[in-house]
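model this:
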Amino acid sequence: MISRNILQASTLLYSAFMESLGSKPKPSFATALVISILVFASSTSGQRTGGPTPEQNTAQCFERLKSEPLELLAFLKKMPKGADLHSHLSGATYAESYILWAAEKGWCVDEKDFRLLFPPCDPEYSSAVKFALTEQRLRRKIIEAWSMQNWPLSTQSGHDHFYEVFARFGPVTFGQNGVMLAEVVHRAAENQVIYLELMLSPDVGFSSRIGQVTGWDGNFEGTLEKLKGNGIAQAALQAVKNLQDWEAQKDQLLKCGTPQADPGCLVSVRYIYQVPRATLLSNVYAQLVTGFILANDPTSRVVALNLVQAEDSLPALENFSLQMQMLHYLGTLYPKAHVTLHAGELTPELVPREALRFHIRESINTGRAERIGLGVDLMYEDEPFSLLEEMAGKNIMVEICLSSNYAVLGVRGKQHPLSLYLKYGVPVALATDDEGVLRTDMTHEYLKAVEEHGLGYIQLKMMARNSLEYAFLDGTSLWKDARKGVLTSECLTDVLDKKSISVSCRQFLAASEKARLQWRLENEFVGFEKYTPACQFMAVDK
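Numbers count the residues shown, from 1 in each chain. Have a look, this model is predicted:
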């Protein structure tokens with residue numbers, strides 16, 4: 001029988017490990033060591049304490065599965081994952097779908113760079129895309145050109161290949177947003193994701209055209225008034241109508257509301273208005289205005305806005321600080337709008353050192369970013385440790401996109417700042433970025449986190465919780481203290497995985513969409529930990 005002192009020590013170790021995910025920098029603990037000590041203490045004293053919890057058993061099983069890659073993959077595919085908060089709709093769709101739609105339209109593809117061309121096809125330099133439905137060689141070449149499949153074998157860097165992909169298939173996305181939505185939510189459900197925030201431009205160029213007519217004179221207020229006079233509000237109305245139409249098409253395709261409904265129907269979706277940062281300043285400002293109008297309206301289903309395109313492009317570098325000032329000015333006028341920003345998607349090989357020193361910090365302090373997308377160049381920022389403490393103190397969550405960071409920047413493993421974000425208590429969540437282009441999904445992002453960073457089950461579970469805690473959803477959080485796992489007082493006495501809940505908790509959940517999704521996630525974890533197929537064949541005392 002284990003002594004009370006050892007049991008208390010193991011409990012303290014476990015608490016220290018959990019707190020290492022908290023808001024202050026603390027020494028890291030080896031996940032396997034902590035879990036094994038805790039489970040040993042609990043199981044040895046099982047007659048007095050009731051034995052280890054399902055979470056502890058699952059965590060112990062998970063450590064053993066780390067040496068079994070295929071079983072680990074099966075485990076992670078079934079694991080509840082909460083939300084994907086960083087996903088571009090066009091990049092999330094697989095090249096195979098684009099080939100099918102282009103073939104249906106009778107389009108052609110340039111045989112040199114595989115850009116889409118309008119018909120008729122010229123046999124001297126183009127082929128009909130329809131031939132890719134039967135000819136494997138052409139199909140493979142198009143997929144490689146429209147995604148990151150086999151990109152190390154190409155003559156381009158991952159960075160250049162990635163950013164050129166979108167121009168190659170871009171035209172086929174027009175008019176396909178509803179079908180793309182159906183594909184993406186279906187895949188999300190397959191990967192146990194229950195909420196998506198998808199980046200897109202739902203006004204389909206309306207704001208850009210108004211911006212070009214209006215121009216940019218360097219005056220925030222004056223240009224805003226001109227944009228209003230030129231009908232920028234109509235761009236927001238058109239965006240709302242488009243989203244409604246696309247969602248209706250998605251629901252029809254997935255047979256939502258019928259007995260044959262696809263699991264994707266249960267995935268909740270909200271949208272982030274994306275603004276290309278490398279375009280004319282007149283266009284950028286006009287689109288930012290539309291994004292703020294939409295994100296400030298809780299009925300629009302647009303919850304935030306973001307700047308997209310290569311952060312190292314010349315216009316993006318030259319105009320970075322000015323664009324942050326645009327965000328700051330408009331943020332004061334539309335206070336309900338949320339902002340998440342791509343920042344720090346840079347390396348010393350791409351840009352001069354000066355460009356690495358401030359993008360993350362300025363995105364937060366001037367651009368009003370509540371979340372940071374990618375944040376890879378963290379340690380090249382001025383005073384990076386104070387930045388980490390600031391991000392932890394302000395609860396600035398980082399959207400971690402491991403496949404993207406390797407394919408585009410060549411950064412992975414120990415060169416990636418994920419471990420530092422964790423060590424300093426900065427909240428993080430895994431995301432896919434462009435899962436179709438990158439040939440990935442949320443399950444494989446979790447797998448990379450384990451294989452490349454050694455993360456344990458408890459850390460992954462915290463990331464899944466973070467993905468909903470920091471989602472731009474309406475309503476109060478289910479957690480009084482998410483880092484310590486303390487539920488709100490209205491639901492504190494309720495037992496998860498039970499049909500009957502208290503009146504106070506039921507009323508609380510009814511008033512908060514965020515809390516309802518968090519409650520759903522917690523119940524999914526209860527069911528997962530009670531019966532995890534990959535663990536049923538591994539005895540606890542093996």
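
mind listing what Phe114 touches?
Remark: with contacts taken as Cβ atoms under 8 Å, 6 or more residues apart in numbering, Phe114 is in contact with 141-142, 145-146, 168. Any C-beta I mention is one placed from the backbone N, CA and C, and that applies to glycine too.

Identify the residues contacting the residue nearest to it when sequence neighbours are not counted.
Spatially, and ignoring its direct neighbours in sequence, Phe114 is nearest to Ala145 (3.5 Å; Cβ to Cβ, 6 or more residues apart in numbering). Residues near Ala145 by Cβ under 8 Å, 6+ apart: 113-114, 165, 168.

Quick check on those residues: which are buried?
Neighbour counting with 16 or more other Cβ atoms under 10 Å marks 114, 165, 168 as buried within those.

Now the element after the strand or helix carrying the last one, going C-ward?
It stands for Arg168. Under the criterion of DSSP states H and E, Arg168 resides in helix 158-169. Using DSSP H and E, the helix or strand that directly follows helix 158-169 along the chain is helix 177-190.

which outside residues touch that following helix?
With contact meaning Cβ under 8 Å, 6+ apart, helix 177-190 is reached by 84, 87, 89-90, 92-94, 97, 101, 173, 194, 196, 198, 200, 242, 245-250, 253-254, 262-267, 269, 435, 441-442.

in it, what counts as buried?
177-189.

Check which helices and strands the very next helix or strand once past that helix sits against.
Where DSSP H and E defines the elements, the next helix or strand beyond helix 177-190 is strand 193-200. Helices and strands touching strand 193-200, by 3 or more Cβ pairs under 8 Å, 6 or more residues apart in numbering; DSSP states H and E, are strand 82-88, helix 89-92, helix 177-190, strand 268-276, strand 302-308, helix 513-530.

close enough to count as contact, His453 and His416?
Yes - because the distance of 7.3 Å satisfies Cβ atoms under 8 Å, His453 is recorded as touching His416.

And the two? Which one has more around it.
Neighbour count, other Cβ atoms under 10 Å: between His453 and His416, His416 has more, with 20 against 17.

Spatially nearest residue to the more buried one (excluding sequence neighbours)?
Using Cβ to Cβ, 6+ apart and skipping the chain neighbours, the partner closest in space to His416 is Asn405 (6.3 Å).

Now do that neighbour against Pro417, distance only.
Distance of Asn405 to Pro417, computed by Cβ to Cβ, to the nearest Å: 10 Å.

Would you mind listing the residues touching both of these two?
Contacts common to Asn405 and Pro417, judged by Cβ under 8 Å, 6+ apart, are Val376.

how many other residues sit next to Leu402?
Look at Leu402: counted by other Cβ under 10 Å, it has 28 neighbours.

Contact partners for it?
412, 416, 418, 430, 445, 448-449, 452.

And the strands in the chain, which stretches?
Secondary structure of the chain (DSSP state E): strands located at 82-88, 108-110, 116-117, 126-128, 193-200, 268-276, 302-308, 338-343, 371-374, 397-400, 428-430, 479-481, 486-487.

I'd like the ones you listed as JSON lines, with distance to Ser67 appended.
Listed next are the strands of the chain as JSON lines, based on distance: least, Cβ to Cβ, whole Å:
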{"stretch": "strand 82-88", "distance to Ser67": "26"}
{"stretch": "strand 108-110", "distance to Ser67": "44"}
{"stretch": "strand 116-117", "distance to Ser67": "45"}
{"stretch": "strand 126-128", "distance to Ser67": "47"}
{"stretch": "strand 193-200", "distance to Ser67": "27"}
{"stretch": "strand 268-276", "distance to Ser67": "36"}
{"stretch": "strand 302-308", "distance to Ser67": "39"}
{"stretch": "strand 338-343", "distance to Ser67": "36"}
{"stretch": "strand 371-374", "distance to Ser67": "30"}
{"stretch": "strand 397-400", "distance to Ser67": "24"}
{"stretch": "strand 428-430", "distance to Ser67": "22"}
{"stretch": "strand 479-481", "distance to Ser67": "34"}
{"stretch": "strand 486-487", "distance to Ser67": "34"}
